[in-house]
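> need a structure here:
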Amino acid sequence: MQINARKLEVQHRPEAERFEIHAGGHTAVLDYRLDGNVIMFTHTGVPPALEGQGVGSRIVRAGLEYAREQGHQVVPACSFVAAYIRRHPEYQDLVE
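As a prediction, this is how the structure comes out:
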């Protein structure tokens, strides 16, 4: 399945503490826990059919932009989120 990750809509579901992308009958997720002013990203899950197409990066970027907009500090407990921040230093200032 070939997709353009930049065109995918990221849905924020605060009641479930997660961001989601739906594509081709599959769902990618970025789970988090919010504690006061700190958002801890705990898990990024991308189904095999969507891997390698930028979906994980798209959903993590949306989560980090949300954190910035809300004034949250970030704890990248998920290794994918931590690696993304290392590759994109413009988000380093969010890390607690």
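> where does pLDDT dip in this structure?
Within the chain, the ranges that satisfy pLDDT under 70 run 1.
> list the buried residues in the top strand by length along it.
Identified as the longest strand of the chain according to DSSP state E is strand 26-35. Neighbour counts over strand 26-35 (16 or more other C-beta atoms under 10 Å) mark 28-32 as buried. Any C-beta I mention is one placed from the backbone N, CA and C, and that applies to glycine too.
> find the helix or strand that the most centrally placed residue in the chain is a member of.
Central residue of the chain (C-alpha atoms, centre = their mean): Val60, 2.3 Å from the mean position. According to DSSP states H and E, Val60 maps onto helix 55-70.
> C-alpha coordinates for the helix or strand just after that helix, PDB please?
Scanning forward in sequence from helix 55-70 by DSSP H and E, the next helix or strand is strand 73-76. The C-alpha coordinates for strand 73-76 follow below in PDB (Å, rounded to 0.1, in the frame of the first residue of the first chain):
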ATOM      1  CA  GLN A  73       7.200  19.700  28.500                       C
ATOM      2  CA  VAL A  74       7.900  16.300  26.800                       C
ATOM      3  CA  VAL A  75       9.100  13.000  28.200                       C
ATOM      4  CA  PRO A  76      10.000  10.800  25.200                       C
END
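> helices and strands around strand 73-76, which ones?
The elements that strand 73-76 packs onto, with contact taken as 3 or more C-beta pairs under 8 Å, 6 or more residues apart in numbering; DSSP states H and E, are strand 38-45, helix 55-70, helix 79-87.
> which of those sits closest to Lys7?
helix 55-70 (9.4 Å; C-beta to C-beta).
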